[in-house]
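Trainee: I would like the atomic coordinates for the input below:
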Amino acid sequence: MREAYSGPVDSWPAVETTGDTPFQEMALLERPHPFADDPMEQLGEALFFDPILSASGQIACASCHHPDLAFTDGIRTSIGHDRQQGRRNAPTLLDKADQAIFMWDGAAISLEHQALMPISNPVEMAETQAALVETMNADPDYPSQFRAITGRDEIAMEDITAALAAYERTLTRRTKFDVFLAGERDHFTDQELFGLHLFRTKARCMTCHSGPRLTDDEFHNIGLTYYGRKYEDLGRYALTNTPENVGEFKTPSLRHVPRTGPYMHNGLFPSLRGIVNLYDAGGARPRPREGMEGDPLFPETSELLPKLNLTPAEKDALVAYLETL
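Mentor: Residues are numbered from 1 along each chain as shown. Below is the predicted model:
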């Protein structure tokens with residue numbers, strides 16, 4: 001197996017996907033330039049750590065996206081304004097420079113749009129755009145800093161989100177898998193290499209997790225809607241109002257996954273082994289309870305999730321590989 005993975009990626013054993021789903025081959029991530037002397041990026045970094053963006057003056061972007069936690073917060077769902085608990089897990093901000101759509105339900109269409117949403121969310125930072133712009137323009141330092149970049153006397157909301165997005169686009173970290181992909185094939189243990197092989201073949205992970213960022217950027221229902229129960233979240237349906245989207249969530253990138261738990265949109269899975277067990281079982285397959293028969297909104301788990309029948313050793317190898325990402 002080590003010999004089979006010693007050459008370039010296009011010589012590796014063929015990928016297996018469910019239903020011959022199209023995929024992108026694994027590849028090194030084309031990373032943006034590192035954070036340097038760009039004034040907009042520096043201003044964005046200052047804003048990212050400044051609680052001035054919140055109504056309470058106590059919550060910053062870094063409150064839920066901490067650098068020491070791979071730009072997550074390490075808890076099931078984030079705590080926001082007035083100690084309110086949100087219902088979704090905070091994803092990492094690493095390696096998002098070329099991502100096209102954001103949020104678990106795809107509600108944000110750019111990093112700038114994404115930067116705005118937590119600021120105005122009443123459960124998160126709870127600040128209105130008008131109030132924030134007024135506060136920023138009254139600050140003793142920010143107006144002159146923005147003026148030096150934009151040439152305008154007043155700060156606009158678009159300036160704030162542009163600065164935050166500029167900083168976020170610089171966020172990246174090299175991983176053990178990056179080193180392996182770059183050609184140092186002896187950088188993996190035998191177990192990690194076996195896990196990579198399973199990821200590409202028997203486990204069919206590349207049905208949804210492929211390409212440089214290990215995601216198809218699509219929306220799928222893996223059975224975790226909790227329809228009619230505690231933790232209910234209808235996913236993309238809340239945005240589209242289309243019954244077929246009930247329970248669908250965006251496929252997260254697996255980059256940095258060992259450092260970004262707990263997992264899934266609701267943070268209910270504390271370990272990667274639990275995630276592997278879920279997919280080994282073919283995802284969750286909820287059945288309608290009494291009174292739910294015929295409900296047009298009862299979610300259907302994706303057929304892209306067959307039972308895998310992985311052995312304990314294969315599950316261990318998959319986890320070992322995931323821990324390199």
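
Trainee: in the stretch 201-325 of the chain, which spans are helices?
Mentor: Along the stretch 201-325 of the chain, the segments classed as helices by DSSP state H, counting those that start in this stretch run 237-240, 272-280, 312-322.

Trainee: the strands in this structure, which residues?
Mentor: Listed in chain order, the strands of the chain (DSSP state E) span 219-220, 249-250.

Trainee: okay, those strands, which one's buried deepest?
Mentor: strand 249-250 (a mean of 24; mean count of other CB atoms under 10 Å). C-beta: built from backbone N, CA, C; applies to glycine.

Trainee: Just checking: what are the partner strands of that strand?
Mentor: Here strand 249-250 has these sheet partners by DSSP bridges: strand 219-220 (antiparallel).

Trainee: related to what we said a few turns ago, please identify which of the strands of the chain is closest to residue 47.
Mentor: Among the strands of the chain, strand 249-250 comes nearest to residue 47, with 25.5 Å by CB to CB.

Trainee: what does that closest one rub up against?
Mentor: 101, 103-106, 215, 217-222, 224, 235-236, 265 (CB atoms under 8 Å, 6 or more residues apart in numbering).

Trainee: Then stretch 304-317?
Mentor: Against stretch 304-317 from outside (CB under 8 Å, 6+ apart): 18-19, 21, 191-192, 194-195, 198, 202-204, 207-208, 220, 222-223, 273, 276-277, 279-283, 318.

Trainee: Tell me who's in contact with residue 157.
Mentor: Residue 157 touches 116, 129, 132-133, counting by CB under 8 Å, 6+ apart.

Trainee: Now, of the residues you listed, which are buried?
Mentor: Among those, those classed as buried by 16 or more other CB atoms under 10 Å are 116, 132-133.

Trainee: okay if I get the residues you listed as JSON lines plus distance to residue 96 and pLDDT?
Mentor: Shown next, in JSON lines, are the buried ones among the contacts of residue 157 (distance: CB to CB, whole Å; pLDDT from 0 to 100):
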{"residue": "116", "distance to residue 96": "15", "pLDDT": "96"}
{"residue": "132", "distance to residue 96": "22", "pLDDT": "98"}
{"residue": "133", "distance to residue 96": "25", "pLDDT": "98"}
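
Trainee: Tell me which of those residues fall in helices.
Mentor: In this view, the buried ones among the contacts of residue 157 that belong to helices under DSSP state H are 116, 132-133.
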